[in-house]
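**Student:** build the 3D model from these lines:
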Amino acid sequence: MYEVMGAVRSRAFRVMWMLEELGQPYTFTEVYPGTPEAKQFNASGKIPAMKDGDDVLTDSVAIMTYLADKHDGLTAPAGTIARARQDAVTQMLVDEFDALLWTHSKHNMILPDDVRMPQITDALKKEFLRSLSMLEDAVQGPFIMGDTMSVPDILAVHCLGWARMAEFPPISDRIKAYTKEMRARPDNGPPECRGQTWYRP
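**Tutor:** So this is what the prediction gives:
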C-alpha cells in the first residue's frame, strides 16, 4: 500500500492517476506545499511525496517513472530505444510545459509581491504556443508514444489542464480531442476528480 502526500489540485494528481491506471492501492494524505507537514517528507517543502514502505520518494515525474518500472506498466522497457524516446518526450514536457507553467505560477501567485514579474506572462504564453507545436509533432497515435499509454500522456494532460486554468492560449482541435479522450478514461485519477480540468501545480 502506497501513501501519496500532497494536494489533489497539484502535481500529486499525476501520481494518483498513475496508481489508478496501474491498479495499485494507495492512501492519500492531504498536505500543502511549504507547510511543516510537507517538510517532514521533503526538506524543500515541495509536493508530492510518496511512501513505499519506509522509503519516501519525491518529484512527481520520478515517482511516476519508478511506479511504471516497478509494475511494468505505462512505459517502454528500460534499456530499449523505445524507452529512450519515451524519456526524451517526458523531458521535453518537463522543460517546455511544466517549467513554463511553474514560472507563470510563481510570478502570479507564489512569490512575494516585491519580486514577482507578472509581465513575463506574455512571453510565457508565446513559448507555450511553440511548445504546443512540439507536442503536436510528438503525438504518434492515439497516445503520445503510439498505440500504448505511457508516462508522458499523464504528464501532458495534467500540464494542459493547468494551462487552461492559467488562461493560456487555447490548444488545437487535435490536441483537444486527445486530452478529451484521456480525461474520459475510467482510471483518470482519484474518483472524485475524473474528467475535471482544473488541476493546478
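
**Student:** tell me which helix or strand comes right after the helix or strand harbouring E20.
**Tutor:** Using DSSP states H and E, E20 sits in helix 12-22. The first helix or strand that comes after helix 12-22 along the chain, using DSSP H and E, is strand 26-30.

**Student:** what's in contact with that following strand?
**Tutor:** Applying C-beta atoms under 8 Å, 6 or more residues apart in numbering, the external contacts of strand 26-30 come out as 1-8, 12, 16, 19, 190. Backbone N, C-alpha and C define where each C-beta goes, glycine included.

**Student:** same thing but at 7 Å, please
**Tutor:** Outside strand 26-30, the residues within contact range by C-beta atoms under 7 Å, 6 or more residues apart in numbering are 1-5, 7, 16, 19, 190.

**Student:** now, of these, which are buried?
**Tutor:** Buried members of those, scored by 16 or more other C-beta atoms under 10 Å, are 2, 4-5, 7, 16, 19, 190.

**Student:** tell me which two of those residues sit farthest apart.
**Tutor:** Spatial extent of those (C-beta to C-beta) is set by the pair Y2 and A7 at 16.7 Å.

**Student:** can you show me the helices along this structure?
**Tutor:** Assigned by DSSP state H, the helices in the chain fall at 12-22, 36-41, 60-71, 81-93, 99-105, 121-138, 151-165, 173-183.

**Student:** spit out the contact partners of S131.
**Tutor:** 96-97, 100.

**Student:** re the thing from before, narrow the buried ones among the contacts of strand 26-30 to those in strands?
**Tutor:** Per DSSP state E, strands hold the following members of these: 2, 4-5.

**Student:** would CSV of these with pLDDT and distance to S60 be doable?
**Tutor:** Listed next are these as CSV, based on pLDDT from 0 to 100; distance: C-beta to C-beta, whole Å:
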residue, pLDDT, distance to S60
Y2, 98, 14
V4, 98, 10
M5, 98, 12
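
**Student:** of these, just say which sits nearest to R83.
**Tutor:** Y2 (23.0 Å).

**Student:** which residue is the nearest non-sequential neighbour of the closest one?
**Tutor:** Counting by C-beta to C-beta, 6 or more residues apart in numbering, Y2 lies nearest to Y26, which is 4.1 Å off, once chain neighbours are set aside.
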